[in-house]
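Asks: Build me a model from this:
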Amino acid sequence: MKSILIVDDEKHTRDGLSAVLADDYDVFAASGADEAIKMLDAEDFDGVITDFRMAGKSGMSVIDKAFSMPKKPVCIMLTAYGNVEIAVEAMKRGAGDFLPKPVDIARLEKILKDLLKKRDAMLEAKRAEARAEVEKQKSHHYSPQVAISGANITLSEIVAKSSQMKSVIERALQVAHSKATVMLTGETGTGKELIAQLIHANSPRAGEPFIPVHCAAIPSALLESELFGYEKGAFTGANQRRMGRFEAADKGTLFLDEIGEIDPNTQVKLLRFLETHSFERLGSLQNTTVDIRLICATNRNLKKMSEEGSFRQDLYYRLNVVEIKIPPLREHPEDIEPLLRSYINYYVRENATPPLEISPEALKVLESYAWRGNIRELRNFCENAVVMNKSRVIEKSDLPNEFFETALSDKETSTESSNTSVSTSLLKVDNEKDLIRRALIKSRGNKTKAAEFLGISRRTLHRKLAEYNIDEQSPDDDK
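Replies: Numbers count the residues shown, from 1 in each chain. You can find the predicted model right below:
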């Protein structure tokens, strides 16, 4: 219900208008300009109906105050001293209309309804403009929609054949209908924004805006103004008021990617928002309240950062209400083939090219590759292949050299077990003889180091050397 403030020093007028409008509006009343100004400071109103001539300050001061507010209410001036000069001045100050006393109630109700309707349309246009501005800065991505069939779950770009990704999706769908703040964690390129979109698309806010903010891509000096907006004159170059991402996401979802990169000052404002659901634009003392669902993402260890003091511990716990960990692609290789085919088919349609196939030999290599850049790297590979492949079949010979190199060394893995599993899988492809030669070259003939590069034991390496009749002698070999 919209809120209306009635300002008049005549009690019978205040009470009469309040009684008439109470059925359709949340009505407040003030007995003078000073009281009205205090009420405007304390609360946002959708409309103000004020007398012109009152004891103390006139109704013009009420209109001036109303139109200094971030969310300007519609204003109607009333007076028993109606004349053209007062009407013109009131309209110049921002009044939507001017009515003489005694008030024609039917006319007042119609004017108020029309003004509020126009105000709603203008506010929606501003929100749409802000959303459009944000959309220009976004990378292209799909809007996930849930479709579950058979053993696989396909959510546009989100393809889940593995139990790991099915678990992620089930957790995302479970939390989608709540209001809880969600923290998405995982390596860069694992698809955290897509999971955030999935949560939004299956929430009660699905028809409202989804506003992503990549915190690491915005200089820290500008991040606060991007998030919370600013008033005209707040800093050099602020020539007009600007709506921030929080306001643009009102009623919808705000996705803060790389949340670990925000500076201490912005952390304080974000914590205050989580506690009060309100914020202040730069250069303003007026609180702005919005209704948003907050989803954050990071590839950093925020818990460790909070313990070290580089990230506020109280903010960490407010953000980490529900954590969803997204595994790196190397931990769910079952999804590589369906992801490859999904992206290839998409880019074929996007670029209007003939279909592109993958040979079985090439597919074996691609499934064994470590994909350090995760799904983002895989997507870029598919787009390049669709655009550049002339034969319309990806052959093993078309793959870049890095696909045949040892996937990971001990220094490049988070755990010894993941190194062993990925490297061992590489030895299953039909070019393992070449892989062994490359490992020996990389280790300068040291078979112990070569075995470490390959993620196998030295005994297994010796057996493979004999199997492929590779010369074991090397001046650098350790005894």
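Asks: Could I get the average pLDDT for the strand or helix carrying Lys464?
Replies: In the assignment (DSSP states H and E), Lys464 maps to helix 458-467. The pLDDT scores in helix 458-467 average 78.
Asks: Check the offset of that helix from the chain's centre.
Replies: 50 Å (Cα atoms, centre = their mean, to the nearest Å).
Asks: List the buried residues in that helix.
Replies: Buried residues in helix 458-467, counted by 16 or more other Cβ atoms under 10 Å: Leu461, Lys464, Leu465. In this view, the C-beta of every residue, glycine as well, is placed from N, C-alpha and C.
Asks: Turn those into TSV, including distance to Thr50.
Replies: Shown next, in TSV, are the buried residues of helix 458-467 (distance: Cβ to Cβ, whole Å):
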residue	distance to Thr50
Leu461	88
Lys464	89
Leu465	93
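Asks: quick revisit: send me the helix holding Lys464 as PDB with only the CA atoms.
Replies: Extracted C-alpha coordinates of helix 458-467, given in PDB (Å, rounded to 0.1, in the frame of the first residue of the first chain):
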ATOM      1  CA  ARG A 458      59.300 -45.300 -11.100                       C
ATOM      2  CA  ARG A 459      58.600 -49.100 -11.400                       C
ATOM      3  CA  THR A 460      55.600 -48.400 -13.700                       C
ATOM      4  CA  LEU A 461      57.800 -46.100 -15.800                       C
ATOM      5  CA  HIS A 462      60.500 -48.700 -16.200                       C
ATOM      6  CA  ARG A 463      57.800 -51.200 -17.300                       C
ATOM      7  CA  LYS A 464      56.500 -48.700 -19.900                       C
ATOM      8  CA  LEU A 465      60.000 -48.000 -21.100                       C
ATOM      9  CA  ALA A 466      60.500 -51.700 -21.800                       C
ATOM     10  CA  GLU A 467      57.000 -52.100 -23.300                       C
END
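Asks: name the helices or strands packed onto it?
Replies: Counting contacts by 3 or more Cβ pairs under 8 Å, 6 or more residues apart in numbering; DSSP states H and E, helix 458-467 is packed against helix 432-442, helix 447-454.
Asks: Show me the shaky parts of this protein.
Replies: 81-85, 87, 127, 129-157, 237-238, 405-432, 471-479 (pLDDT under 70).
Asks: Which among the helices and strands packed on helix 458-467 is found nearest to Asn299?
Replies: Nearest of the helices and strands packed on helix 458-467 to Asn299, taken as Cβ to Cβ: helix 447-454 at 26.1 Å.
Asks: Give me the distance from the closest one to the chain's centre.
Replies: Centroid separation between helix 447-454 and its chain, computed with Cα atoms, centre = their mean, is 43 Å.
Asks: now stretch 294-305
Replies: How far stretch 294-305 lies from its chain's middle: 14 Å, per Cα atoms, centre = their mean.
Asks: got it, and stretch 329-337?
Replies: For stretch 329-337, the distance to the chain centre is 25 Å (Cα atoms, centre = their mean).
Asks: Spell out the residue ranges of the strands in the stretch 251-400 of the chain.
Replies: For the stretch 251-400 of the chain, the strands defined by DSSP state E, counting those that start in this stretch occupy 253-257, 278-280, 287-289, 293-298, 322-325, 357-358, 393-394.
Asks: Now those in JSON lines, please, with extra columns for mean neighbour count.
Replies: As requested, the strands of the stretch 251-400 of the chain are exported to JSON lines (neighbours: other Cβ atoms under 10 Å):
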{"stretch": "strand 253-257", "mean neighbour count": "24"}
{"stretch": "strand 278-280", "mean neighbour count": "17"}
{"stretch": "strand 287-289", "mean neighbour count": "17"}
{"stretch": "strand 293-298", "mean neighbour count": "25"}
{"stretch": "strand 322-325", "mean neighbour count": "16"}
{"stretch": "strand 357-358", "mean neighbour count": "18"}
{"stretch": "strand 393-394", "mean neighbour count": "18"}
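Asks: quick one: which of the ones you listed is nearest Lys126?
Replies: That would be strand 287-289 among the strands of the stretch 251-400 of the chain, by Cβ to Cβ, at 13.2 Å.
Asks: who are the neighbours of the closest one, in terms of helices and strands?
Replies: By 3+ Cβ pairs under 8 Å, 6+ apart, strand 287-289 packs against strand 278-280.
Asks: Packing partners of the strand it packs on?
Replies: If you count contacts as 3+ Cβ pairs under 8 Å, 6+ apart, strand 278-280 packs onto helix 264-276, strand 287-289.
Asks: Go through the ones you listed and pick out the most buried.
Replies: Of all those, strand 287-289 has the most neighbours on average by mean count of other Cβ atoms under 10 Å, namely a mean of 17.
Asks: Distance from that strand to the middle of the chain?
Replies: 21 Å.
Asks: Which neighbours in the sheet does that strand have, and how are they oriented?
Replies: Strands that pair with strand 287-289, judged by DSSP bridges, come out as strand 278-280 (antiparallel).
Asks: can you list contacts of the partner strand?
Replies: Residues outside strand 278-280 that contact it (Cβ atoms under 8 Å, 6 or more residues apart in numbering) are Phe228, Phe246, Lys269, Arg272, Phe273, Gln286, Asn287, Thr288, Thr289, Val290.
Asks: Any chance of TSV for the helices and strands packed on helix 458-467, columns mean neighbour count and distance to Asn239?
Replies: Formatted as TSV, the helices and strands packed on helix 458-467 follow (neighbours: other Cβ atoms under 10 Å; distance: least, Cβ to Cβ, whole Å):
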stretch	mean neighbour count	distance to Asn239
helix 432-442	18	58
helix 447-454	22	59
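Asks: any chance of those helices in a markdown table, with distance to Glu280 too?
Replies: Output for the helices and strands packed on helix 458-467, formatted as a markdown table (distance: least, Cβ to Cβ, whole Å):
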| stretch | distance to Glu280 |
| --- | --- |
| helix 432-442 | 57 |
| helix 447-454 | 56 |
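Asks: of all those helices, which lies closest to Lys192?
Replies: Per Cβ to Cβ, nearest to Lys192 of the helices and strands packed on helix 458-467: helix 447-454, 31.0 Å.
Asks: now that closest one against helix 458-467, angle please.
Replies: Helix 447-454 and helix 458-467 are oriented at 100 degrees to each other (axes from the mean of the first three to the mean of the last three Cα atoms, to 10 degrees).
Asks: would you put the C-alpha positions of helix 447-454 in CSV?
Replies: The C-alpha coordinates for helix 447-454 follow below in CSV (Å, rounded to 0.1, in the frame of the first residue of the first chain):
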residue,chain,number,x,y,z
LYS,A,447,63.4,-41.1,-14.6
THR,A,448,62.5,-40.4,-11.0
LYS,A,449,61.4,-36.9,-12.0
ALA,A,450,59.8,-38.1,-15.2
ALA,A,451,57.7,-40.6,-13.1
GLU,A,452,56.7,-37.7,-10.8
PHE,A,453,55.7,-35.6,-13.8
LEU,A,454,53.6,-38.4,-15.1
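Asks: Pop the domain breakdown of this structure in here.
Replies: 3-117, 148-327, 330-404, 410-467 (automatic domain parsing).
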